[in-house]
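Visitor: predicted coordinates and the sequence they were generated for:
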Amino acid sequence: MEAQIDRDPSRFRVLTGDRPTGALHLGHHLATLANRVRLQQAGLDVVLVIADYQVITDRDETGDLPAVVREVVLDYLAAGIDPDRTTIFTHSAVPALHQLMLPFLSLVTVAELERNPTVKAEAADAVGRQGRGMSGLLLTYPVHQAADILAMHGNLVPVGADQLPHLETTRAVARRFNQRFTAAQPYFAEPDALLTDSLTVLGHDGAKMAKSRGNALELRASEDDTAAFFRRARTDSARHITYEPEQRPEVANLLRIGAHFAGTTPEALADAIGAAGAGRLKDVVTEAVVEGLRSLRARRRALAADGAAVVGEVLARGNARANVLAAGTLTDVRELMGMTY
Ligand code: ATP
Ligand code: MG
């Protein structure tokens, strides 16, 4: 896939995004943001959805959406997303996208959705940790994602290995739509996965870093808060620092973060620290992260000074383009389904 991208980047429209449940954190930076900027720079058409309807898959309140959306867009821009090249839109501003979900829902079975491992994991979290049932919106999350991707005719979707089942749903929806409504000439292309090999970044408590767990280092955090985050970070009782992801996940997590920003490998960083222990490791990682995020944070502060206006303008342009794309797709779909009167 990378070879094809190199050969003809303009052939690809990348579709990906985030739920506006909080400002973005170090996990997003390592797992997704840096890669999106890379694809944008390579000349692909990148489309980012801020999935505001998806906020209520697993919670009752939408929260202060305008404020959170503003933080997420500022994180994008500070990380190097360029609104002249990348489209940023919010779900709720693009009605045609959601209308596509109705025919798409007819193409999947409840059993298929219930088997989806990501839906299962999110449901386990909703039911187990939060003590609530699985909502219909959570169950149909992969179909909503199919609507995001296919409305925009995205043909490349960056995914971690754990998200491959989502893309399978999108591919199945595209395939089945073609079979059912336009057998003579396929309308939707089945999008390809761009596998990202990023590992899960852990929060200070040793669990997966997540906005809603209160264990995250936000990209916008101050240098003091960054130092405090790593001081609190859990390690283990072995003094000598080694890179052993299976046996020592917390230490390995710190080594990966430090190595990413210091431009080295976790193994080399472990060797360099060795007997100096976890205290030294935390100091080194703090320094690397503060240095590595310095320019992002400076850009972010500069943008935030006029944040509401900057973000309003970016979203107005992004939503306008997304509406054109989605409305075009919906018109085609209604025609193919014989729904023009
Ligand atoms: P929430 O707590 O609201 O679920 P979150 O922090 O888990 O928020 P999401 O919006 O669910 O963030 O995640 C969006 C994408 O960001 C994920 O699909 C994943 O690719 C990436 N991501 C999020 N957190 C991490 C993490 N800790 N490590 C690696 N990747 C992450
Ligand atoms: Mg999450």
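Guide: Arrived safely, thanks for sending. Numbering: from 1, shown residues only. Ligands and ions are numbered 1, 2, ... in the order given.

Visitor: His144: what's it in contact with?
Guide: By CB atoms under 8 Å, 6 or more residues apart in numbering, His144 lies in contact with 51, 53-54, 98, 101, 137. To be clear about C-beta, it is placed using only N, CA and C from the backbone, and glycine gets the same treatment.

Visitor: give me the buried entries from the residues you listed.
Guide: Buried members of those, counted by 16 or more other CB atoms under 10 Å: 51, 54, 98, 101.

Visitor: now, which of the residues you listed lie within helices?
Guide: Under the assignment DSSP state H, these contribute 98, 101 to helices.

Visitor: now the residue of the stretch 51-200 of the chain found nearest ligand 1: phi and psi?
Guide: Proximity of the stretch 51-200 of the chain to ligand 1 (CB to the nearest ligand atom) peaks at Thr200, 4.3 Å away. Per-residue torsions, Thr200: phi -60, psi 130 (degrees, to the nearest 10).

Visitor: which one is it nearest to, not counting chain neighbours?
Guide: Closest residue to Thr200 apart from its sequence neighbours, by CB to CB, 6 or more residues apart in numbering: Lys208 at 5.2 Å.

Visitor: what of Ala268?
Guide: Ala259 (7.2 Å).

Visitor: and for Met134?
Guide: Ala123 (4.3 Å).

Visitor: so what pLDDT did that neighbour get?
Guide: The model reports Ala123 with a pLDDT of 82.

Visitor: swap in Asp60?
Guide: Value for Asp60, per-residue pLDDT: 85.

Visitor: list phi and psi for whichever residue of the stretch 1-150 of the chain sits closest to ligand 1.
Guide: Residue nearest to ligand 1 within the stretch 1-150 of the chain: Gly27 (2.7 Å; CB to the nearest ligand atom). Per-residue torsions, Gly27: phi -60, psi -40 (degrees, to the nearest 10).

Visitor: lowest-pLDDT helix or strand in the chain?
Guide: Of all helical and strand segments in the chain, the minimum by mean pLDDT, DSSP states H and E falls on helix 117-124, at a mean of 84.

Visitor: packing partners for that helix?
Guide: helix 136-139, helix 141-151, helix 164-181 (3 or more CB pairs under 8 Å, 6 or more residues apart in numbering; DSSP states H and E).

Visitor: repeat the analysis, applying 6 Å as the threshold.
Guide: When contacts are defined as 3 or more CB pairs under 6 Å, 6 or more residues apart in numbering; DSSP states H and E, helix 117-124 packs onto helix 164-181.

Visitor: show residues contacting the helix it packs on.
Guide: Helix 164-181 is contacted from outside by 104, 107, 116-118, 142, 145-146, 149, 157, 159, 186-188, 190, 193, 336-337, using CB atoms under 6 Å, 6 or more residues apart in numbering.

Visitor: give me that answer again for 8 Å
Guide: 103-104, 107-108, 112-113, 116-118, 141-143, 145-146, 149-150, 157, 159, 186-191, 193, 195, 333, 336-337.

Visitor: kindly report the same for stretch 333-341.
Guide: By CB under 8 Å, 6+ apart, stretch 333-341 touches 100, 103, 177, 181-182, 187.

Visitor: let me have the residues you listed in JSON lines, adding pLDDT as columns.
Guide: As requested, the contacts of stretch 333-341 are exported to JSON lines (pLDDT from 0 to 100):
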{"residue": "Leu100", "pLDDT": "98"}
{"residue": "Pro103", "pLDDT": "98"}
{"residue": "Phe177", "pLDDT": "98"}
{"residue": "Phe181", "pLDDT": "97"}
{"residue": "Thr182", "pLDDT": "96"}
{"residue": "Tyr187", "pLDDT": "98"}
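
Visitor: what's the closest of the buried ones among the contacts of His144 to Gly318?
Guide: Checking the buried ones among the contacts of His144 against Gly318 with CB to CB, the nearest one is Ala51 at 13.4 Å.
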